[in-house]
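A.B. asks: Sequence and predicted structure, then a few things I'm wondering about:
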Amino acid sequence: MNKIKIFIFTVVLVVVSAVTVIYSGIIDVAADEPHGDLVYWLLEQTRENSIEIAAKDIDVPNLDDAEMLLSGGMDYQFMCASCHLSPGQKESDMSIGLYPAPPNLTVSHQSHGDKNKVDENKVSREQFWVIKHGIKASGMPAWGKTHDDKRIWDMVAFIKRLPSLTAEEYQIITSTD
Amino acid sequence: MNILTKVAVILIPTLALSMSVSAHDPKLHGKKAEKADCSKMDHTKMDMKDPVSMAMMKKCMKQEKHATEEKAKMDHSKMDMKKEPKKEVDTIEG
Ligand SMILES: [Cu+2]
């Protein structure tokens, strides 16, 4: 009996706190005011696990292909560089102003675990998923609505090589003519 | 203002901003045409088996073709289009 009371009390407490948080306006949604550590951790874990599970069955095609780089490079320059930057560029209005900030895709993938053990296949299929579906409540759009899977894999292929490109190489590959 | 409204207030301008960078057809991208700066290509440092080098060669070959075609100086009958990139490689490395 006592256990049931405690359980009900806890549920009520949780619901009341949630309602209070939602309606009091206590949460600051301003993009220039970063999340607290706990909220940040919660959101990051949620996002990472969500993407990992959603992407786990995606087959990654061969990405070492010049044509893919050319197609992906042009698309990247046109649609992504404003947020995710290009070689030699450190910041943009978007990279500074957006929160969560768009990761700088010109530097190699930061993994939380052992640097030597980065699973490239996993990185690529998760990038494919993110590009196709976007990320809720962030500036990352779902490009799958307007681009087919092939175009998206081309971008994944390009992003894979992007950290190794010099500004000159980048200019040549991404130019339209 | 409830939280949804606030989220919307932040999200809508963000999306509106990002609209200007969206497109559907690669041809649309051509409007902001920028020529590849092939003069900066350093062939000695290039590994021709690497897709990045191959992509650069392709781009610059195409550009060269455009330029010469405009001047109508090219003799297409003598050209093997499929082998073109390879030939270039041979002359550079040889
Ligand atoms: Cu596009």
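C.D. replies: Ah, there it is.

A.B. asks: Where does A:V107 sit: helix, strand or coil?
C.D. replies: coil (DSSP: H, G, I helix; E, B strand; the rest coil).

A.B. asks: OK, contacts around it?
C.D. replies: A:V107 makes contacts with A:P163, as judged by CB atoms under 8 Å, 6 or more residues apart in numbering or on different chains. For every residue, glycine as well, the C-beta is placed using N, CA and C.

A.B. asks: measure it to A:D148 for me?
C.D. replies: Distance of A:V107 to A:D148, computed by CB to CB, to the nearest Å: 28 Å.

A.B. asks: what do you get for A:K3?
C.D. replies: 55 Å.

A.B. asks: what do you get for A:A167?
C.D. replies: 30 Å.

A.B. asks: where are the low-confidence patches of chain A?
C.D. replies: For chain A, the stretches flagged by pLDDT under 70 are A:109-116.

A.B. asks: Please repeat the previous calculation with a cut-off of 90.
C.D. replies: For chain A, applying pLDDT under 90 flags the ranges A:1-2, A:26-29, A:36, A:88, A:108-118, A:176-177.

A.B. asks: try chain B
C.D. replies: B:1-49, B:59-94.

A.B. asks: nearest residue to B:D37 other than its sequence neighbours?
C.D. replies: Spatially, and ignoring its direct neighbours in sequence, B:D37 is nearest to A:Q171 (5.4 Å; CB to CB, 6 or more residues apart in numbering or on different chains).

A.B. asks: just to revisit the earlier point, out of A:K3 and A:D148, which sits in the more crowded spot?
C.D. replies: Counted by other CB atoms under 10 Å in any protein chain shown, A:K3 and A:D148 do not tie: A:D148 has more neighbours, with 11 against 7.

A.B. asks: Would you check how far apart A:T106 and A:H84 are?
C.D. replies: Relative to A:H84, and taking CB to CB, A:T106 is found at 8 Å.

A.B. asks: quick one on the thing from earlier: list the contacts of the residue nearest to B:D37.
C.D. replies: By CB under 8 Å, 6+ apart, the contact list for A:Q171 reads B:34, B:36-37, B:40.

A.B. asks: Among the residues you listed, which lie within strands?
C.D. replies: Applying DSSP state E to those, no entry is found in strands.

A.B. asks: Dump those residues to CSV, plus neighbour count.
C.D. replies: Formatted as CSV, the contacts of A:Q171 follow (neighbours: other CB atoms under 10 Å in any protein chain shown):
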residue, neighbour count
B:E34, 14
B:A36, 20
B:D37, 14
B:K40, 13
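
A.B. asks: Save those as JSON lines, and put in distance to A:G144 too.
C.D. replies: Shown next, in JSON lines, are these (distance: CB to CB, whole Å):
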{"residue": "B:E34", "distance to A:G144": "27"}
{"residue": "B:A36", "distance to A:G144": "29"}
{"residue": "B:D37", "distance to A:G144": "32"}
{"residue": "B:K40", "distance to A:G144": "35"}
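
A.B. asks: Out of the residues you listed, which sit inside helices?
C.D. replies: Among the contacts of A:Q171, none falls in helices (DSSP state H).

A.B. asks: related to what we said a few turns ago, need the three-state assignment for the residue nearest to B:D37.
C.D. replies: Applying three-state DSSP: A:Q171 is helix.

A.B. asks: List the buried residues for the helix or strand harbouring A:V156?
C.D. replies: If you go by DSSP states H and E, A:V156 is part of helix A:149-161. Under the neighbour-count criterion of 16 or more other CB atoms under 10 Å in any protein chain shown, helix A:149-161 has A:151-161 buried.

A.B. asks: Of all pairs in those, which one spans the longest distance?
C.D. replies: A:R151 and A:R161 (16.6 Å; CB to CB).

A.B. asks: What spatial separation is found between A:M155 and chain B?
C.D. replies: Separation of A:M155 from chain B (CB to the nearest CB, to the nearest Å): 12 Å.
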